[in-house]
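In: my questions concern the predicted model and sequence given below.
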Amino acid sequence: MPPTEKHNVVVTLDRLLEARHMTLTELADRVGLTLANMSILKNGRAKAIRFSTLSAICEVLECQPGDILAFRR
């Protein structure tokens with residue numbers, strides 16, 4: 001897929017953060033990412049995510065990867 005094409009994977013971090021009464025800044029600090037990089041992920045502009053990052057987010061939010069990522073047609 002060329003880099004300019006859109007993908008169908010959506011990030012649902014907003015919903016999880018709200019449910020856990022956590023800010024994006026707090027999540028970034030606890031995961032060890034910069035706020036800028038966490039914002040890129042949250043807003044669906046990330047081109048990739050490392051499994052170690054996904055694992056850390058899941059551990060902090062006590063969720064599964066499918067709670068963070070969804071495929072939409």
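Out: Arrived safely, thanks for sending. This one's a predicted model, so the numbers in the text were calculated from it and none came from an experiment. Numbering: from 1, shown residues only.

In: ok, Asn37 to Gly66 distance?
Out: 22 Å (CB to CB, to the nearest Å). Where C-beta positions appear, they are placed from N, C-alpha and C, glycine not excepted.

In: could you do Leu24 as well?
Out: 20 Å.

In: again with Ser39
Out: Going from Ser39 to Gly66 by CB to CB gives 22 Å.

In: so the two - more neighbours on which side?
Out: Ser39 (16 against 10; other CB atoms under 10 Å).

In: so that one sits right up against Leu24, yeah?
Out: Yes - assessed by CB atoms under 8 Å, Ser39 is found in contact with Leu24 at 6.5 Å.

In: Lys42: neighbour count?
Out: The local packing of Lys42 (other CB under 10 Å) involves 20 other residues.

In: can you check the one 10 residues further on too?
Out: Residues near Ser52, counting by other CB under 10 Å, number 10.

In: so where does it fall, helix or strand?
Out: helix 51-61 (DSSP states H and E).

In: for Tyr58, give me its contacts.
Out: You called it Tyr, but residue 58 is Cys. Each residue near Cys58 by CB atoms under 8 Å, 6 or more residues apart in numbering is listed here: Gln64, Pro65, Asp67, Ile68.

In: which residue ranges of this structure form helices?
Out: 13-19, 24-31, 35-42, 51-61, 65-68 (DSSP state H).

In: just how off-centre is the longest one within its chain?
Out: Right, helix 51-61. Computed by CA atoms, centre = their mean, to the nearest Å, the chain-centroid distance of helix 51-61 equals 9 Å.

In: tell me the buried residues in that helix?
Out: Neighbour-count burial for helix 51-61 flags Thr53, Ala56, Ile57, Cys58, Val60, Leu61 (criterion: 16 or more other CB atoms under 10 Å).

In: residues touching the third one, list them.
Out: For Ile57, the set of contacting residues under the criterion of CB under 8 Å, 6+ apart consists of Leu13, Leu27, Val31, Cys63, Ile68.
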